[in-house]
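Student: Structure here, sequence nowhere to be found:
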């Protein structure tokens, strides 16, 4: 929250809770908006009410209609529409939603009355000023499409092999035999987003950070307004989304390369300026 408090939300619209740093429940509010909470800024949580994902290896596209992005207050009553369901950029990013199982959307963050929305496939970012009331400013980076690396594919394939060998429990205690040839073919040719849900953050100097993936590492791209300031690389492979910048700190959840059971390491980095 910027003051060390922690907001915990249900994505099924049941409740929102505000905790102190020591875990004391400070406030609970029922019935937040449905969808995905994206960022907490100035006492408000940004939500995009759209759900679903694009087509995967076996299922058709499951995108519903574009829903609005709303700003919902934590300490007082309010629910303001930031971007309406008819916003052209919101609709464009919604249609570019990753296939089921490949990633999550949206890539969105708020900082006061400034809002950023992005398509992680094309690495295109739109900035809205004045709480979404102004025309968006577009900026982008020219980067090649991201594909699975051999190491990433091998790790994914090993999980499929285990399931193929063991099967899954079925009716009457029988094992259902699976095969993942369709998934193997799909993932070999499927471009992946450079960044996705929780891929945008804002630091204590109001700079935009893009937290994404490059090969087996995490990249950190920094922008001041629309000016690209540079890229930092961290040896952190993430199979999940967790990555956030708040104030002068970066937190990442990295796969534990030593633990074959899918464990993660929580890492905290301090952002330094001018070598300090």
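Tutor: Cool, got the structure. Worth saying up front: this structure is predicted, and the values here are computed from it rather than measured. Residues are numbered from 1 along each chain as shown.

Student: Give me the next element, helix or strand, following the longest helix belonging to the chain.
Tutor: For the chain, the helix with the greatest residue count under DSSP state H is helix 150-166. Downstream of helix 150-166, the next assigned helix or strand under DSSP states H and E is strand 168-169.

Student: model confidence over that next one, on average?
Tutor: Across strand 168-169, the average pLDDT comes to 80.

Student: can you list contacts of the helix or strand just after it?
Tutor: Following strand 168-169 in sequence order, the next helix or strand is strand 175-176 (DSSP H and E). Residues from elsewhere that reach strand 175-176 (CB atoms under 8 Å, 6 or more residues apart in numbering): 166, 167, 168, 169, 170. C-beta coordinates here come from the backbone N, C-alpha and C atoms, glycine included.

Student: Kindly recompute the last result at 7 Å.
Tutor: 167, 168, 169, 170 (CB atoms under 7 Å, 6 or more residues apart in numbering).

Student: Can you flag the buried ones in those?
Tutor: Buried members of these, counted by 16 or more other CB atoms under 10 Å: none.

Student: Just put these in CSV and tack on distance to residue 226.
Tutor: Converted to CSV, the contacts of strand 175-176 look like this (distance: CB to CB, whole Å):
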residue, distance to residue 226
167, 52
168, 49
169, 53
170, 54
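
Student: if we can go back for a sec, just the buried residues of the longest helix of the chain, please?
Tutor: 152, 155, 156, 160.

Student: Looking at those, which is nearest residue 228?
Tutor: residue 152 (26.0 Å; CB to CB).

Student: Let me see the backbone angles for the nearest residue to the closest one once chain neighbours are set aside.
Tutor: By the measure of CB to CB, 6 or more residues apart in numbering, the closest residue to residue 152 outside its immediate chain neighbours is residue 216, 6.9 Å from it. Main-chain dihedrals, residue 216, degrees, to the nearest 10: phi -100, psi 20.

Student: Hmm, residue 216 is touching residue 149, no?
Tutor: Yes. Using CB atoms under 7 Å, residue 216 is in contact with residue 149, at 6.1 Å.

Student: Before I go, just wanted to say thanks for your time.
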